[in-house]
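Novice: Sequence first, then the predicted structure:
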Amino acid sequence: MNIKKLLIPVGIIFILIVTFVVADYFALFGVNTTKSLEFADLRFRTVNAENGDLIMNVIVRCFQHRNSNICTNKEARKAGETLISFPYQRVKQSSLLFEQDSRNVSNLQDPTINLMFIHNNYHSLRDAISINDILSGALSSMEIKMQPRQQTYHEEIYE
């Protein structure tokens, strides 16, 4: 009989705890939201497609629908590398027991980013990547093979 008297308060306390955890999970007690601007980096190793030599001073232009410049070129510390950064907004929501962290790219209708690699002595190269791959960490570096331009008669005269 003592066990039955003990089970009732323990059961009530268990139900209250479960109810509190479920209510906090659904944010019935409120949520604290913090936003911060952060940058995701992507490295490109640019090489000559014919002989594999590294290419220096490659400029990368990033654009997408209604956004003509979505990335920033940064100085890479290694030869033959180009580094670009994409801005995104990190939103962190926390309740009493739970915390949710998400990465949002503001005003994006299309997650595809078009890239153009530009160098005076090489043909410009286009590529497309998904910003979701960058933010998830699945894509952190790429090797880009660029075709050299053929010298024209006018360029040969002035060399």
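Specialist: Ah, there it is.

Novice: For the closest residue to F117 other than its chain neighbours, the count of nearby residues, please.
Specialist: Leaving out its chain neighbours, the residue that sits closest to F117 by CB to CB, 6 or more residues apart in numbering is L125, at 4.5 Å. Any C-beta I mention is one placed from the backbone N, CA and C, and that applies to glycine too. The tally of other residues near L125 (other CB atoms under 10 Å) stands at 18.

Novice: quick one: which helix or strand includes L125?
Specialist: strand 122-130 (DSSP states H and E).

Novice: again with I144
Specialist: Assigned by DSSP H and E, I144 falls in strand 141-146.

Novice: got the angle between that strand and strand 122-130?
Specialist: On the basis of axes from the mean of the first three to the mean of the last three CA atoms, to 10 degrees, strand 141-146 is oriented at 150 degrees to strand 122-130.

Novice: Just the C-alpha atoms of strand 141-146, please, in CSV.
Specialist: Provided in CSV are the C-alpha atoms of strand 141-146 (Å, rounded to 0.1, in the frame of the first residue of the first chain):
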residue,chain,number,x,y,z
SER,A,141,37.5,24.4,-51.9
MET,A,142,37.5,23.7,-55.7
GLU,A,143,40.1,23.3,-58.4
ILE,A,144,39.5,25.5,-61.5
LYS,A,145,41.2,24.6,-64.8
MET,A,146,41.5,27.6,-67.1
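
Novice: SS state for the residue positioned nearest the centre of the chain?
Specialist: What sits nearest the mean C-alpha location of the chain, by CA atoms, centre = their mean, is L135, with 2.7 Å. Taking DSSP: H, G, I helix; E, B strand; the rest coil as the rule, one finds L135 in the helix state.

Novice: Grab the nearest non-local neighbour of it.
Specialist: Here the residue nearest L135, using CB to CB, 6+ apart, is R103, at 4.7 Å.

Novice: Pretty sure the one you found sits in a helix.
Specialist: No. Counting by three-state DSSP, R103 is not found in a helix; it is strand.

Novice: Tell me where the model's unsure across this structure.
Specialist: For the chain, the stretches flagged by pLDDT under 70 are 1, 104-109, 151-159.
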